[in-house]
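Trainee: this one's sequence-less:
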């Protein structure tokens with residue numbers, strides 16, 4: 001069903017819901033990433049936390065949470081586990097004791113070197129379609145965040 005068609009909620013099928021298409025795609029990504037994540041001994045959320053730190057090391061919990069779209073009460077247990085695994089250090093910021101900074105350890109940086117291209121899920125999309133879809137999903141996310149904030 002096209003989004004421009006007028007329809008009642010009673011006419012919608014599960015396959016008509018964009019939210020379900022995104023949700024079920026997320027589940028498919030989880031299954032596709034599973035072999036690599038199991039090899040690394042990480043959950044997906046731990047993995048994306050490390051990716052964000054590989055991109056920019058020594059971040060505050062707040063800035064890391066913003067990038068990952070996670071609240072600090074969700075992110076803190078993930079960081080504690082990564083610290084226990086020896087991949088990150090959590091330290092109070094000497095300039096602002098209220099802030100906790102997260103930095104990679106040598107082992108955390110080394111973990112990135114163990115990744116190979118064949119460990120990443122193949123989407124079956126060509127480069128142009130991949131970029132267009134990724135940009136459309138980011139736009140969708142932004143629209144949903146704005147809409148939600150407007151209601152608050």
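Mentor: Nice, I can see it. Just so you know, these numbers come straight off a predicted model, no measurement behind them.
Trainee: Excluding its own residues, what touches the longest strand that the chain contains? List them.
Mentor: Counting residues, the longest strand found in the chain (DSSP state E) is strand 96-104. Outside strand 96-104, the residues that touch it by C-beta atoms under 8 Å, 6 or more residues apart in numbering are 50, 53-54, 57-62, 64, 79, 87-93. Quick note: C-beta positions are derived from backbone N, CA and C, even for glycine.
Trainee: Can you give the strand pairings for it, parallel or anti for each?
Mentor: strand 59-60 (antiparallel), strand 88-93 (antiparallel) (DSSP bridges).
Trainee: and the residue lying closest to residue 88 once chain neighbours are set aside, what does it touch?
Mentor: Distance criterion C-beta to C-beta, 6 or more residues apart in numbering; nearest residue to residue 88, sequence neighbours excluded, is residue 82 at 4.6 Å. Applying C-beta under 8 Å, 6+ apart to residue 82 gives the contacts 46, 49-50, 88, 108.
Trainee: Which among those count as buried?
Mentor: Buried subset of these (neighbour count, 16 or more other C-beta atoms under 10 Å): 46, 49-50, 88, 108.
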